[in-house]
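Colleague: coords please:
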Amino acid sequence: MPYRLQRFKAELFKALGHPARIRILEHLRAGERTVSELQALLEIESSTVSQQLALLRSRSIVEGRKQGSSVYYTVTDPLIFDLLDVARRIFANHVVDLQAIADYEPSAAEVGRAGGP
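Modeller: Sure thing, here's the model as predicted:
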């Protein structure tokens with residue numbers, strides 16, 4: 001795999017590596033939003049929203065459209081939502097695995113072999 005592609009992937013995943021940025025993208029799934037709208041939805045400071053949007057914009061994950069005094073942000077490539085959906089499925093698989101481990105009750109024979117009670 002070419003180094004440039006690996007670097008692009010690493011930068012993309014770094015950009016997605018903050019919970020606030022993931023939350024912003026999830027809200028942009030429904031369509032474009034302003035900083036004020038995102039701030040109200042996320043219940044975080046507008047300066048924080050602006051900083052996170054700036055990083056997403058620098059990685060070409062979102063873009064802004066100025067209308068009057070407002071800037072409306074949207075995702076540049078809807079495939080980002082597929083990536084988020086796959087991450088959610090991976091998370092769900094891990095939760096299922098962890099639940100299975102938590103629910104596991106060893107047999108008496110297994111407990112005896114382990115030297116347990």
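Colleague: Break the chain into its domains for me.
Modeller: 1-76, 78-117 (automatic domain parsing).
Colleague: Turn those into JSON lines, columns for mean neighbour count and mean pLDDT.
Modeller: The C-beta positions use only the backbone N, C-alpha and C, and glycine is treated the same way. Below are the domains of the chain laid out as JSON lines (neighbours: other C-beta atoms under 10 Å; pLDDT from 0 to 100):
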{"stretch": "domain 1-76", "mean neighbour count": "14", "mean pLDDT": "95"}
{"stretch": "domain 78-117", "mean neighbour count": "10", "mean pLDDT": "80"}
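Colleague: SS state for Gly31?
Modeller: Here Gly31 is coil, with the state taken from DSSP: H, G, I helix; E, B strand; the rest coil.
Colleague: what's the helix or strand for the closest residue to it other than its chain neighbours?
Modeller: Residue nearest to Gly31 in three dimensions, not counting chain neighbours: Thr74, with 7.3 Å by C-beta to C-beta, 6 or more residues apart in numbering. Assigned by DSSP states H and E, Thr74 belongs to strand 70-75.
Colleague: Quickly run through the sheet partners of that strand, with directions.
Modeller: Paired with strand 70-75 in the same sheet, following DSSP bridges, are strand 33-34 (antiparallel), strand 62-67 (antiparallel).
Colleague: Which stretch among the ones you listed approaches Ile80 most closely?
Modeller: In terms of C-beta to C-beta, the element of the strands paired with strand 70-75 nearest to Ile80 is strand 62-67, at 9.0 Å.
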